[in-house]
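Student: coordinates only, sequence not included:
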């Protein structure tokens with residue numbers, strides 16, 4: 001039984017592919033528009049890669065958001081032998097965004113948040129992305145039931161993106177905890193895990209697609225799904 005005493009522990013979550021599985025609305029968007037066969041897992045992972053390639057360009061105005069979305073979907077599809085026009089890529093993005101308004105967390109993810117809140121653990125979110133877009137996902141997921149809005153940081157509101165250590169420092173100031181009491185939970189090695197390393201936090205990697213971990217990155221624990229994450233967090237609380 002987990003004690004409900006006031007704990008000097010903070011759990012901070014990423015949103016995409018952490019609180020929910022991003023491939024689900026992505027796959028549904030593609031299948032609703034196209035009947036061309038494609039390796040959906042690779043398509044999704046490539047789209048994330050190409051999104052990161054041009055993320056800074058989209059943020060600083062070198063390309064519009066529509067151009068960014070077209071680029072990441074077209075390039076990912078092209079790598080797999082599927083050629084989409086600008087219009088097709090943009091239509092898929094629009095369908096994808098529509099699907100993201102209907103997001104749901106799994107029961108196990110809700111159990112993680114319930115366990116943490118019931119144990120008086122401090123909770124937060126740091127997510128990269130445009131303000132309106134990320135806040136719409138946060139609203140759809142309903143996470144403010146467990147996490148105070150003041151402890152939710154969307155990079156678009158601050159003009160700072162993970163892995164910049166400053167965005168972690170802002171959260172640390174909000175939670176008022178030492179860095180060795182903070183755990184960051186996310187799926188991106190480049191943004192989440194390295195960012196947490198830079199801030200001196202413990203990093204829990206959600207590695208749904210079994211990527212290899214580089215030797216120079218410190219990872220506290222690895223979970224391949226949120227069932228494994230639940231077990232990791234229970235053990236943290238039992239210490």
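Tutor: Looks like it came in fine. Just so you know, these numbers come straight off a predicted model, no measurement behind them.
Student: where along the protein do the helices fall?
Tutor: 23-33, 40-53, 55-59, 65-79, 86-99, 107-118, 131-141, 165-175, 194-199, 226-238 (DSSP state H).
Student: for those, which one sits closest to residue 207?
Tutor: helix 226-238 (9.6 Å; C-beta to C-beta). All C-beta atoms are positioned from the backbone trio N, CA, C, and that covers glycine.
Student: ok now that closest one, how far from the chain's centre?
Tutor: The chain centre lies 18 Å from the centre of helix 226-238; the measure is C-alpha atoms, centre = their mean, to the nearest Å.
Student: per-stretch mean pLDDT over the helices of the chain, give me the minimum one.
Tutor: When mean pLDDT is averaged over each of these, helix 55-59 scores lowest at a mean of 84.
Student: which parts of that one are buried?
Tutor: 55, 58-59 (16 or more other C-beta atoms under 10 Å).
Student: re earlier: please render the helices of the chain as a markdown table that adds distance to residue 209 to the earlier fields.
Tutor: Putting those into a markdown table (distance: least, C-beta to C-beta, whole Å) gives the following:
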| stretch | distance to residue 209 |
| --- | --- |
| helix 23-33 | 9 |
| helix 40-53 | 6 |
| helix 55-59 | 19 |
| helix 65-79 | 14 |
| helix 86-99 | 18 |
| helix 107-118 | 18 |
| helix 131-141 | 20 |
| helix 165-175 | 24 |
| helix 194-199 | 18 |
| helix 226-238 | 14 |
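Student: Give me whichever of those helices is most buried.
Tutor: helix 194-199 (a mean of 22; mean count of other C-beta atoms under 10 Å).
Student: about what we covered before: nearest to residue 210, out of the helices of the chain?
Tutor: helix 40-53 (10.6 Å).
Student: Could you tell me the angle between that closest one and helix 23-33?
Tutor: Put simply, helix 40-53 runs at 110 degrees to helix 23-33, going by axes from the mean of the first three to the mean of the last three C-alpha atoms, to 10 degrees.
Student: Which other helices and strands does helix 40-53 contact?
Tutor: Secondary-structure packing of helix 40-53 (3 or more C-beta pairs under 8 Å, 6 or more residues apart in numbering; DSSP states H and E): helix 23-33, helix 65-79.
Student: can you list contacts of it?
Tutor: Helix 40-53 is contacted from outside by 22-23, 26-27, 30, 68, 71-73, 75-77, 79-80, 82, 188, 190-191, 209, using C-beta atoms under 8 Å, 6 or more residues apart in numbering.
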